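K.L.:
got a predicted structure here, sequence first:
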Amino acid sequence: MAAIRTAVVGAGRMGAIHAKVYHDLPDSHLVAVVDSDQAKAKALADKYGCPFYSDVSQVVDQVDAVTLATPTISHLDLAEVFLRRRIPVLVEKPLAANVSEGKRIVALAHRYDTVAAVGHSERCNPVVQAMRHLAIEPLFIEALRVSPFPFRSMDIGVVLDVMIHDIDIVLSLAASPLRRVEAVGVAVIGSEEDICNARLVFANGCVANLTASRLALKTERRLRVFTRQAYLSVDYLKKTGVVINADANHDMLEWIRQHRQAGDLDPAKVSWPDLVRIEPLQIEDKEPVRLEQEAFLRAVRDRSLSPQVTAEEGLAALTCAQKIIDRIKRHTWDLGKKVFT
């Protein structure tokens, strides 16, 4: 079976990652790198032994699938070029610059019956994959994603740049319609928010609290999930996690009840590891972008399969992100008459 002819549009940081994966995958033949900056395109193309171009019109007749790793504002225009020719696209997150444009991409994919995926690669993070195998039903989710300022993606705020990862994961875990959004945020470096905290309430009662910042002193990416069955805590960066199961040790519970009734319960004598079952999360160390691209190419070959994150799911994350941004803009800070001197 012939390899799928692939191309990457965008020769920046994410474009370089996608080009490497496409070059390495046995089911992919990287045929081109495209970027309006010809020097960048040439440098990346030379690295993987393929041609480079400055305009997507030069590759539409050469490719079977393409990844768009360009600034968000360009996603709709570029996606439309390929989807109209029934060429599957994987669009780096977020799907589009706004909900209206995201809906347009979804509509084009439906109209031309073509695969459209979104590069929410954190969904492919090994810790997220491991969590999904547990088939959990979350009651409360807490996400923290902070880092020093990256001096990139200046065209969007922290919600679309950073929090969008956790929005996508939370929506997939909650698996319920979003009912209410509250959010606060602050713009410090530019005109868009650099810090945000959002609270999402779902129809099934699940509540999620998300915090994102690109002005932190260090990088942290953590997720905690409380369910009826267990408590999970994961670290995306370290690719580690722990599961504390709620199936309590009945002998220990009875011992606690007896001593409480007797009035001589000493918490220091309670063996908490014996009260609950603590286990490390079983995690396979796989490259997220590789998993993402493998699923995308499988969906290109077999339309009965789906990519890791569909355009519809990407639109749902974008819609939620826009609601958060709208709430930030509507929030009034009561700082008094005198703010700074």
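P.N.:
Perfect, thanks for sending it. Numbers count the residues shown, from 1 in each chain.
K.L.:
so V170 makes contact with I141?
P.N.:
Yes: the criterion here is C-beta atoms under 8 Å, and V170 meets it with I141 at 5.5 Å. For every residue, glycine as well, the C-beta is placed using N, CA and C.
K.L.:
more neighbours: which of the two?
P.N.:
Ranked by neighbour count (other C-beta atoms under 10 Å), V170 and I141 place V170 first, with 26 against 23.
K.L.:
so that one sits in a helix?
P.N.:
Yes: counting by DSSP: H, G, I helix; E, B strand; the rest coil, V170 is part of a helix.
K.L.:
check what pLDDT it gets.
P.N.:
Among the per-residue scores, V170 holds a pLDDT of 97.
K.L.:
now P94
P.N.:
At P94, the model reports a pLDDT of 93.
K.L.:
isn't it right up against G314?
P.N.:
Yes: P94 lies in contact with G314 (C-beta under 8 Å); the separation is 7.1 Å.
K.L.:
find the residues that touch each one of V170 and I141.
P.N.:
A208 (C-beta atoms under 8 Å, 6 or more residues apart in numbering).
K.L.:
give me the helices and strands touching the helix or strand harbouring R5, please.
P.N.:
Using DSSP states H and E, R5 sits within strand 4-9. Contacts defined by 3 or more C-beta pairs under 8 Å, 6 or more residues apart in numbering; DSSP states H and E place strand 4-9 against helix 13-24, strand 28-34, strand 65-68, helix 288-301.
K.L.:
tell me which of these sits most buried.
P.N.:
Burial of these is given as mean neighbour count (mean count of other C-beta atoms under 10 Å); strand 65-68 ranks first at a mean of 27.
K.L.:
show me what whichever helix or strand comes after that strand is packed against.
P.N.:
In the C-terminal direction, the helix or strand that comes right after strand 65-68 (DSSP H and E) is helix 75-83. Packing contacts for helix 75-83, counted by 3+ C-beta pairs under 8 Å, 6+ apart, involve strand 65-68, strand 89-92, helix 99-111.
K.L.:
change it to 6 Å
P.N.:
The contact analysis (3 or more C-beta pairs under 6 Å, 6 or more residues apart in numbering; DSSP states H and E) places helix 75-83 against strand 89-92, helix 99-111.
K.L.:
pull the residues that contact that helix.
P.N.:
Outside helix 75-83, the residues within contact range by C-beta atoms under 6 Å, 6 or more residues apart in numbering are 56, 66, 68, 89, 91, 96, 101, 104-105, 108-109, 112, 114.
K.L.:
dump those residues to a markdown table, plus distance to L78.
P.N.:
A markdown table is the format used below for the contacts of helix 75-83 (distance: C-beta to C-beta, whole Å):
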| residue | distance to L78 |
| --- | --- |
| V56 | 6 |
| V66 | 9 |
| L68 | 5 |
| V89 | 8 |
| V91 | 8 |
| A96 | 11 |
| E101 | 11 |
| R104 | 12 |
| I105 | 10 |
| L108 | 11 |
| A109 | 14 |
| Y112 | 15 |
| T114 | 14 |
